[in-house]
Structure formats: structure tokens, C-alpha cells
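Novice: I'll drop the sequence and a predicted model, then ask my questions.
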Amino acid sequence: MANNEKWYKTVYSYILISVGVFLMSIALDYFLAPNTIAPGGVTGFAVVIEKIVKVPIYITNLAINIPLFIFGAKILGKGTAIKTLYATILLSFFLKILPPIVLTHDLLLSAIFGGVLCGIGLGLVFKFGGTTGGTDLAGAMLNNKIPSLSVTTFMTMIDLFVVVFAGVVGRNIEISLYSIIAMFVIMKVIDMILEGIGYQKGFFIISDNPDKISEKLMMEIGRGVTLLKGKGMYSKEDKDVLLCVVSRSQFANVKDIVKETDPYAFVMVSEMYEVLGEGFTYDKKH
């Protein structure tokens, strides 16, 4: 049973990685590349190379990523390395077979919609254990050589170089600016895919009437409440801290309940990107 479950999860992850890579290909072929928008990374560099010497993106992608993979496979680990190789080859395959269609020449629309599609695609690839090689792998390799600089620092440096390079090649600083927009959108969408959209809110409530507040929250909105013990460092007094996670639609109700019960309560609200457990979602086994 365990082997069957593992086999199913592996197949499922490769299907989702394939979907993610396909969305990246759509973003590059239909939005970004036709307008020379290069949102960093190896694929962004490939877009610029195509503009200069007419070498197809899929060839440059393989020519750069395969050597990176060979030298950096140990950094990734066996499982991620296999998925990375699969995603890299599949990306070039999709870029090769997709018909050349330009959906818009508007640079802002291309940057936004290309960024959203590319971000969703990369998010799926990352979420299911793969990468597409590129700057993350190059950054990890450079970090091994120069540990004083982080992987993120190297990735940012490479991406900024590609963005500036695109503007120089296109002889238009606006291309660099739109490439930065696309890069920003991609990063935000990846975060959304990996962390969730954040439909839940977490309330931290410090009050002298914790029993009354918790009773009302449980009775009126049907959510559990957890009592945490704290201590005020100025007053040195023990404090009761209530933790309650609610849906976004219940946000206003919680604020009203706390205000009515204890107008002097100290309330902090935090975005909860993923909540697992009773009353919320469970991490189902595939």
C-alpha cells in the first residue's frame, strides 16, 4: 500500500511539474520573448540572445542549463536533480513545438500576463520538488565558491544583469523597466503558489477578560481559541494571550466581539497563508 501511494505521488508531482513548465513556455513564447522582456534567469538571457543572434530560446536554454546541471547536480540532491533535468528538457521541448503567436505588443500587458503565467508555472515546479536550473542553481554553485555571499545575492546579481542586458540590446530603457515588472510579478506569484493566498486571519488578543472573549468567540462564530501564557516585560506581570484563527469573512465579527467585551484589549492580526486542522483544510495524502 505504501509503495502504491508513493508511486501515485511521484506520478502526480511529474504531471504538475509538466503543467508548470507548459505555462512557462506559453508565457515566454506568447508574451515575453516577442517583446524582448527578459525577467532574469537563463530563460531571460535566452530571450536576449535570440534578439541578438537569432538563436532559438530552447537551444540557449539547453546550452546553458545542461552544463549547469552537470556541475551542480550534487547540490540539488538525487530527487530534485532528476526533476530539474526533466523540467529543463521539457521546457526546451515545449518552446520548440509551440507555434509562434504574438498575443499583444503592449509591453505592460506582456510583462504582467507573462509574469503571472511564468510565476504560476515556476511555483508549480518548485512546489512539487523541481527547479528549472537557471539562476537558483548557478547561485548555489557560486555560493559554494564564495560562501561570504548568499545564494539569494548571487541570484539577484544575475537577474539584474539580464534585465539591464535586455535594455541595452533593445536600445530602450523601458524594456529593462518592464522586465523588472515581470520579474516582480513572477516572484510574487511564486510566493502565492508556495504559501497560499491567505484567506485566514490569525488574532492574537491580550486582555484582562480572556474567559469572556474566548467564550463569545467559540459560541458566536464557532472557532476554537487557544490560551497562551505571556509576560509584560515592562510591568513584569503575567498576561493571557488568546490565539484564534478565523476565515476572512469572520474578520469583522471577531473585531466587534473583542471591542464589545474589552475595549482596552490589545489585538494583533496576522495573515495565515496555510492552516491545517479541524475546521480548516487537511494535507491529504495522494
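Specialist: Cool, got the structure. Numbers count the residues shown, from 1 in each chain.
Novice: Phe71 against Met141, yeah?
Specialist: Yes: assessed by CB atoms under 8 Å, Phe71 is found in contact with Met141 at 6.4 Å. C-betas here are computed from N, CA, C, even on glycine.
Novice: surely Lys239 forms part of a strand?
Specialist: Yes: assessed with DSSP: H, G, I helix; E, B strand; the rest coil, Lys239 lies in a strand.
Novice: tell me the spacing between it and Leu227.
Specialist: Separation of Lys239 from Leu227 (CB to CB, to the nearest Å) stands at 11 Å.
Novice: doesn't Val269 fall inside a strand?
Specialist: Yes: with the criterion set as three-state DSSP, the secondary structure at Val269 is a strand.
Novice: which helix or which strand is home to Phe45?
Specialist: In this assignment (DSSP states H and E), Phe45 forms part of helix 41-53.
Novice: which residues are contacting that helix?
Specialist: 24, 28, 32-33, 36-38, 55-57, 60-61, 64-65, 68, 91, 132-135, 138, 158-159, 162-163, 165-166, 169-170, 179 (CB atoms under 8 Å, 6 or more residues apart in numbering).
Novice: rewinding a little: so Phe71 and Met141 - more neighbours on which side?
Specialist: In this comparison of Phe71 against Met141, neighbours counted by other CB atoms under 10 Å, the higher total goes to Met141 at 16 against 12.
Novice: pLDDT score for that one?
Specialist: Note on Met141: pLDDT of 71.
Novice: and Ser92, by the same measure?
Specialist: What the model reports as pLDDT for Ser92 is 93.
Novice: Met155 too?
Specialist: 75.
Novice: my guess is it meets Thr135, correct?
Specialist: Yes: the pair formed by Met155 and Thr135 meets the contact definition of CB under 8 Å, at 4.6 Å.
Novice: mind checking which of those two has more residues around it?
Specialist: Counted by other CB under 10 Å, Met155 and Thr135 do not tie: Thr135 has more neighbours, with 26 against 21.
Novice: report the inter-axis angle for whichever helix or strand the more buried one is part of versus helix 41-53.
Specialist: Following DSSP H and E, the helix or strand that holds Thr135 is helix 134-145. With axes from the mean of the first three to the mean of the last three CA atoms, to 10 degrees as the criterion, the two stretches helix 134-145 and helix 41-53 enclose an angle of 110 degrees.
Novice: packing partners for the helix or strand following helix 134-145?
Specialist: Sequence order places helix 151-169 as the next helix or strand after helix 134-145, per DSSP H and E. Applying 3 or more CB pairs under 8 Å, 6 or more residues apart in numbering; DSSP states H and E, we find helix 151-169 packed against helix 41-53, helix 134-145, helix 173-195.
Novice: packing partners for the helix or strand following the first one?
Specialist: Towards the C-terminus, the helix or strand next in line after helix 41-53, according to DSSP H and E, is helix 57-76. In this structure, helix 57-76 packs against helix 41-53, helix 78-97, helix 134-145, with contacts taken as 3+ CB pairs under 8 Å, 6+ apart.
Novice: looking at those, which is buried most?
Specialist: helix 41-53 (a mean of 22; mean count of other CB atoms under 10 Å).
Novice: average pLDDT for it?
Specialist: Per-region confidence: helix 41-53 scores 89 on mean pLDDT.
Novice: can you state the direction angle for it and helix 57-76?
Specialist: Using the same axes, to 10 degrees, the inter-axis angle of helix 41-53 relative to helix 57-76 is 150 degrees.
Novice: so in this protein, where's the weakest helix or strand by average pLDDT?
Specialist: The weakest-scoring helix or strand in the chain, judged by mean pLDDT, DSSP states H and E, is helix 134-145 (a mean of 72).
Novice: quick one, that helix and helix 78-97 angle?
Specialist: Going by the same axes, to 10 degrees, helix 134-145 makes 140 degrees with helix 78-97.
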